[in-house]
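Need the 3D shape of this:
(one chain, ligands or ions: 3)
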Amino acid sequence: MNSITLTRPDDWHLHLRDGEAMAAVVAASARQMGRAIIMPNLKPPVTTTEHALAYRERILAALPAGAAFEPLMTLYLTDKTPAEEIERAHASGLVQAVKLYPAGATTNSASGVTDLAHCDAAIGAMARLGIPLLVHGEVTDADIDIFDREAVFIERVMKPLLERHPDLKVVFEHITTADAADFVAAAPANVAATITVHHLLFNRNHMLVGGIRPHYYCLPILKRERHRQALLAAATSGSPRFFLGTDSAPHARGDKESACGCAGVYTAPAALELYATAFEQAGALERLEGFASHFGPDFYGLPRNLDTVTLVREPWQLPETLRYAEGQTIVPLAAGETLEWKLKV
Ligand SMILES: NC(=O)N[C@@H](CC(=O)O)C(=O)O
Ligand SMILES: [Zn+2]
Ligand SMILES: [Zn+2]
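Ligands and ions are numbered 1, 2, ... in the order given. Alright, predicted model coming up:
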C-alpha cells in the first residue's frame with residue numbers, strides 16, 4: 001500500500017501550553033487533527049469554566065488563518081472543585097471533560113487531587129451529566145516503584161472509583177502497561193483508553209541503552225517490550241475502547257536536556273505519520289482509521305469528522321529542532337530521522 005486515506009483524525013489528549021509556546025505548536029496539530037482534547041495543566045491550572053473558555057479563545061486566536069481546528073476544553077479537577085463548577089462546564093457546551101491529576105504525579109500536577117474522596121460531589125455530577133473523567137493513572141506513593149505506578153493505580157484508585165460510580169465515563173489516559181490494556185478491555189463500555197504513539201513505538205531500552213535520551217522521557221515512563229507489544233495489540237485490535245491521544249507535551253530543549261529534565265514528548269508535528277509507522281509494523285494499517293478517527297468521537301458522543309486526510313509513502317526527514325519561543329527551540333520525537341509516511345496537505 002502506497003497511500004491511505006482516512007476520515008480526519010482527532011487527538012484525544014494534547015498539551016498546547018499557552019502564550020508564545022502555544023503559538024509555536026498549535027499549527028502542527030491543526031494541520032493534522034480535526035479536534036483535540038486540550039489538557040488543562042497550565043500554570044496556574046485551568047480549574048474553572050471561565051478560565052477554560054478564555055483559554056479556548058486564546059487557542060482560536062493563535063490558529064493560522066483558515067484553520068478549522070476545534071479545541072475541546074477540559075477542567076483540572078482539584079480537591080475543592082464543587083459540583084456547581086461541573087454544572088457550569090456542562091452548560092457551556094464547550095467543556096467536554098474533566099482531568100484527574102493525582103497530586104505530584106506529573107508536569108504541573110501540584111494542585112491535583114490528594115484523595116478522590118474529596119471529589120465525590122464533583123464526580124457524582126459528572127456521572128449524572130455524562131461528562132468523562134480523564135485520568136492520569138499513576139499513584140504517587142514514594143514506596144511504589146515508578147515502573148509499577150500505573151498497575152498499582154488500577155487496584156488502589158481505578159477499581160474503587162468505578163465501584164463507587166459505575167456509570168461514570170472514564171478515559172484511562174496514555175496507558176503504558178499490559179495491565180492497563182487488559183483492565184480496559186475487560187471493563188464495561190463506559191471505560192476507554194488513549195494510547196500515545198511513543199508508547200507504541202518505543203520501550204525503555206530506547207530511552208536508556210547507550211546513553212540517557214531525555215527526549216524519550218515522559219510520564220507514565222516507557223516500559224519494557226512486553227508492555228509495548230500489549231499496547232500495540234490493543235491499539236490494532238479493532239476494539240473501540242482504544243483510541244488516539246498523542247499526549248504531545250512540548251518542553252523547551254533546555255528544560256529536557258537538563259540535570260532534572262521535564263517529562264513530556266513532543267510528537268505533534270508528525271503524529272499521524274508515526275502512528276501509521278506503528279500500525280504498519282503490526283501489519284494492521286487497515287485498523288488505523290477506527291483508532292485514529294472513529295472510536296474517539298464515538299466514545300465522547302460527538303460526530304465523526306466529515307473530511308479526510310491522506311498519507312502517502314514518501315520518505316521525508318523531520319527537522320532536528322523547531323522554534324519554540326524567543327531564544328528557545330524544541331526537539332520533536334524522531335528529530336532528524338527519515339519517516340516512511342507523509343501527510344499530504
Ligand atoms: N506526559 C508527560 O510526560 N507530560 C505531560 C503531562 C502528562 O500528560 O502527564 C506534560 O504536561 O508535560
Ligand atoms: Zn498525564
Ligand atoms: Zn498529557
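
ends of stretch 174-191, how far apart?
Stretch 174-191 has an end-to-end distance of 13 Å (CA to CA, to the nearest Å).

what about stretch 24-42, near ligand 2?
No - residues of stretch 24-42 are not located near ligand 2 by CB under 5 Å from the ion, the shortest gap being 7.7 Å. The C-beta positions use only the backbone N, C-alpha and C, and glycine is treated the same way.

end-to-end on that stretch?
End-to-end distance of stretch 24-42 (CA to CA): 16 Å.

Which positions within it qualify as buried?
Residues 24-42 are the ones in stretch 24-42 that count as buried (16 or more other CB atoms under 10 Å).

and the residue of the stretch 1-150 of the chain found nearest ligand 2, how many neighbours?
In the stretch 1-150 of the chain, the residue that lies nearest ligand 2 is His136 (3.6 Å; CB to the ion). His136 has 25 neighbours, counted by other CB atoms under 10 Å.

quick one: it and Gly104 touch, right?
No - applying CB atoms under 8 Å, one finds His136 not in contact with Gly104, separated by 10.7 Å.

Strands along the stretch 201-345 of the chain, start to end?
For the stretch 201-345 of the chain, strands defined by DSSP state E, counting those that start in this stretch occupy the ranges 242-244, 308-317, 322-325, 328-330, 338-344.

same for the third one, what does it pack against?
Other helices and strands packing on strand 322-325, by 3 or more CB pairs under 8 Å, 6 or more residues apart in numbering; DSSP states H and E, are helix 19-32, strand 328-330.

Mind giving me the packing neighbours of the longest one?
Helix 19-32 makes packing contacts with strand 11-14, helix 49-62, helix 271-281, strand 322-325 when contacts are defined by 3+ CB pairs under 8 Å, 6+ apart.

contacts for that helix?
Contacts made with helix 19-32 from outside it, assessed by CB atoms under 8 Å, 6 or more residues apart in numbering, are listed as 9, 11, 14, 16-17, 36, 58-59, 62-64, 67-69, 248, 250, 252, 266, 268-269, 271-272, 309, 322-326, 330, 343, 345.

Over to stretch 197-212?
So stretch 197-212 is contacted by 147, 174-176, 213, 216-218, 221-225, 227-228, 231-232, 235, 246-247, 265, 267, 271, 274-275, 277-278, 333 (CB under 8 Å, 6+ apart).

try 7 Å
Contact partners of stretch 197-212, identified using CB atoms under 7 Å, 6 or more residues apart in numbering, comprise 174, 176, 213, 216-218, 222-225, 228, 231-232, 235, 246, 265, 267, 271, 274-275, 277-278, 333.

Also stretch 122-134?
Residues outside stretch 122-134 that contact it (CB under 7 Å, 6+ apart) are 74, 77, 81-83, 86-87, 89-90, 97-100, 165, 167-171, 173, 300.

Report how many residues lie close to Arg224.
Using other CB under 10 Å, the number of residues around Arg224 comes to 13.

give the contact list for it.
Neighbouring residues of Arg224 by CB under 7 Å, 6+ apart: 203-204.

what's the answer for the one 4 residues further on, then?
Each residue near Arg228 by CB under 7 Å, 6+ apart is listed here: 199-200, 203.

where does the residue lying closest to Lys256 once chain neighbours are set aside land on pLDDT?
Take Lys256 and drop its neighbours on the chain: the residue closest to it by CB to CB, 6 or more residues apart in numbering is Pro214, 4.6 Å away. On pLDDT, Pro214 comes in at 98.
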